[in-house]
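Asker: Pasting a predicted model and its sequence here:
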Amino acid sequence: MNIGEIARRAGVSRSTVSYALSGKRAVSEATRRRIEKVIAEARYRPNASARALAEGRTRTLGLVVPPAGRNLTFMQLGFVASVVEAAGRHGLDVLLSPSGDEHDRSFERMVSSRRVDGVVLMEVRLEDPRAHRLRRSGLPFVTIGHTADSQADCWVDVDYEALTSRCVHHLADLGHRAVALLNRPQELLAAGYGPARRALDGFTAAATERGLSATAVCCPDEATAGEERVEDLLRLNPAVSAVVTLNEAALPGVDRALRGRRLAVPDDFSITGVVARQWAEDFHPPLTSADVPVATMATQAVELLVERISSPDAPPRQVLLQPSISLRASTGPAPVRP
């Protein structure tokens, strides 16, 4: 059964059937009912691709992700899964496009060929050429994270600067005088990756305000690197009694390094940070943290993008989230050391 056969059975033209299905033009009530009766009897379902073509829409969103060769963190995978789920609730498919290194060709093809109705951009830098490219293209887009000049864009983000600052103040209130920041990889910080840069700013400002001895180190997104960084940190600065992190992938290594030195958490050493809730709850002991609401952020990004596609001239909206710090078992009073 196709649209031509429906037109023949209803005794109307193909265009009349198309108008009745799309609502683009008025069709008499009698004609519409006759077409609907034929459709019901034939159990016809309009072809999704044909309908999208007629509407000038692809019914597909683009999701720009890090290159496939890079190990995605749990938080990144959570964003991908949540965006796909949220898009599905709107009857939309998701096209994944890796970006970075030689993979930028994939991103350019997606934008220039208009394969999608809009784009969700992840892993945003303060100065991000992909955001500039999307602005020039006129393709609706929303970012998870935001650039330094993003007032004209739609975005959803977590206030990493304020939340990292709160973590430092929490440790200072517990009496810790020497603290460290375990940040994301050096190449991301150097590239202006928003969370890494803003977390460093928040950490530095809060430590200065509270008069703390502060050390900031970058760490690759892997457990082995986390173990090595903490071992080096404690060897070079044994006074450090607490660490703030947004590198969830490094946390198992942090735990191994502390166990290797026979430092118990939180009696001898405290850990806190800004990470996904599952990592915080699965850590042993459960991690005191500002839990990044991954599913909420992804859902809001899709909602903003759907709005943007429907009303491209509407003022852009931005959502900056400041989740409260969940006090769990990984932070405690500063230890008394000889």
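Answerer: That came in fine, so what should we check first? This one's a predicted model, so the numbers in the text were calculated from it and none came from an experiment.

Asker: Where in the protein is the helix or strand with the lowest mean pLDDT?
Answerer: helix 48-55 (a mean of 48; mean pLDDT, DSSP states H and E).

Asker: What's the first helix or strand after that one?
Answerer: strand 60-65 (DSSP states H and E).

Asker: Please enumerate the helices of the stretch 1-150 of the chain.
Answerer: 3-10, 14-22, 29-42, 48-55, 74-89, 104-112, 129-137 (DSSP state H, counting those that start in this stretch).

Asker: Repeat that for the stretch 151-300 of the chain.
Answerer: Using DSSP H, counting those that start in this stretch, helices in the stretch 151-300 of the chain cover 160-173, 186-190, 194-210, 223-236, 251-260, 277-282, 294-310.

Asker: Identify the residues contacting the last one?
Answerer: When you say that, I think you mean helix 294-310. 57, 61, 75, 78-79, 82-83, 85-87, 90, 92, 117-120, 140-144, 154-158, 276-277, 314, 316-317, 319, 321 (Cβ atoms under 8 Å, 6 or more residues apart in numbering). C-beta coordinates here come from the backbone N, C-alpha and C atoms, glycine included.

Asker: switch to 6 Å and redo it
Answerer: Contacting residues not belonging to helix 294-310 are listed as 75, 78-79, 82-83, 86-87, 90, 117-118, 120, 140, 142, 144, 154, 156, 276, 317, 319 [Cβ atoms under 6 Å, 6 or more residues apart in numbering].

Asker: just the second one next, same as before
Answerer: Contacts of helix 186-190 from elsewhere in the structure, counted by Cβ under 6 Å, 6+ apart, are 196, 218.

Asker: Show me how far that helix is from its chain's centre.
Answerer: Helix 186-190 sits 18 Å away from the centroid of its parent chain (Cα atoms, centre = their mean, to the nearest Å).

Asker: One more: the fourth one?
Answerer: For helix 223-236, the separation from the chain centroid amounts to 28 Å (computed by Cα atoms, centre = their mean).

Asker: By neighbour count, which bits of that helix are buried? Give me those.
Answerer: 223, 225-231, 233-234 (16 or more other Cβ atoms under 10 Å).

Asker: so which two of those residues are the farthest from each other?
Answerer: Ala223 and Leu234 (16.8 Å; Cβ to Cβ).

Asker: Which segments of the protein make up each domain?
Answerer: 3-55, 60-158+294-321, 160-293 (automatic domain parsing).

Asker: For Gly332, find the nearest of those.
Answerer: domain 160-293 (3.3 Å).

Asker: Please measure how far the first residue of that closest one sits from its last one.
Answerer: 12 Å (Cα to Cα, to the nearest Å).

Asker: Repeat that for stretch 204-219.
Answerer: From its first residue to its last, stretch 204-219 covers 17 Å (Cα to Cα).

Asker: Could you check how far that stretch is from the centre of its chain?
Answerer: 26 Å.

Asker: Report the buried residues of it.
Answerer: 204, 206-207, 210, 212, 214-219.

Asker: Of all pairs in the residues you listed, which one is the farthest apart?
Answerer: Arg210 and Cys219 (23.4 Å).

Asker: Quick check: which of the domains of the chain is buried the most?
Answerer: domain 160-293 (a mean of 20; mean count of other Cβ atoms under 10 Å).

Asker: can you tell which of the helices of the stretch 1-150 of the chain is closest to Ala191?
Answerer: helix 129-137 (10.9 Å).

Asker: Specify the angle between that closest one and strand 60-65 in degrees.
Answerer: 150 degrees (axes from the mean of the first three to the mean of the last three Cα atoms, to 10 degrees).

Asker: who's in contact with helix 129-137?
Answerer: 111, 141, 147.

Asker: The second one against Val119, yeah?
Answerer: When you say that, I think you mean Phe141. Yes. Contact criterion Cβ atoms under 6 Å: Phe141 and Val119 qualify, at 4.1 Å.
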